[in-house]
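# make a model of this:
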Amino acid sequence: MKKPRVLFICTYRGARSMIAEEFAKILVPGKIDVYSSSFEPGTIGSLPITIMKEVGIDLPRVAAKSVFNRYKDKEVFDYVITLCHKATTEQCPVFMTNVDTLYAKKAERLSWSVPDFITLKGTEEEKKIEARKIRDLIKENLLAFLSQIGIKVNKS
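Prediction:
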């Protein structure tokens, strides 16, 4: 059976998509081909890196390969999952339209509503508390997705 190719995409530099990719690599190693993308080049903020280190995952600091470069390179996916929070992201409608234009005819597109780290307010500790909720939401969504497509998660 062919391994599903899954692309996670989020706005800005891709921290949420990279978190989903890293969790997938750990939870189902070798069972799916998984990638992450963003719309903007740059570096990932320290908050996502910090909260992923708490669970033993080193998140790369450099943004994921852009969706436009993946499209230009003619990369094809079975599933494209967007992590865009409609309530807090003004770019979301434009973002979704671009993703549909690039991938909707080639892949099944799913959308997870996940808040962006840049929207978090409060003290550093309050931001960390909310960032952990974002991390955990991404993992929960990933586990549900894997179950829906019949991929069993490694118990470790």
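# okay, the residue positioned nearest the centre of the chain and residue 123: tell me how far apart.
Nearest residue to the geometric centre of the chain (Cα atoms, centre = their mean): residue 17, 1.8 Å. From residue 17 across to residue 123, the span is 27 Å (Cβ to Cβ, to the nearest Å). Any C-beta I mention is one placed from the backbone N, CA and C, and that applies to glycine too.
# quick one: list the elements packing against whichever strand or helix holds the residue nearest to the centre of the chain.
Taking DSSP states H and E as the criterion, residue 17 maps to helix 15-27. Under the contact criterion of 3 or more Cβ pairs under 8 Å, 6 or more residues apart in numbering; DSSP states H and E, helix 15-27 touches strand 5-10, strand 33-38, helix 46-53, strand 79-83, helix 124-148.
# buried stuff in the second one?
The neighbour-count check on strand 33-38 (16 or more other Cβ atoms under 10 Å) flags 34-38 as buried.
# before we move on, what about the third one?
Taking 16+ other Cβ under 10 Å as the neighbour-count basis, helix 46-53 is seen to contain the buried residues 47-49, 51-52.
# which residues are contacting that helix?
The contact list for helix 46-53 (Cβ atoms under 8 Å, 6 or more residues apart in numbering) reads 15-16, 18-19, 22, 58-59, 61, 117, 120, 127-128, 131-132, 134-135.
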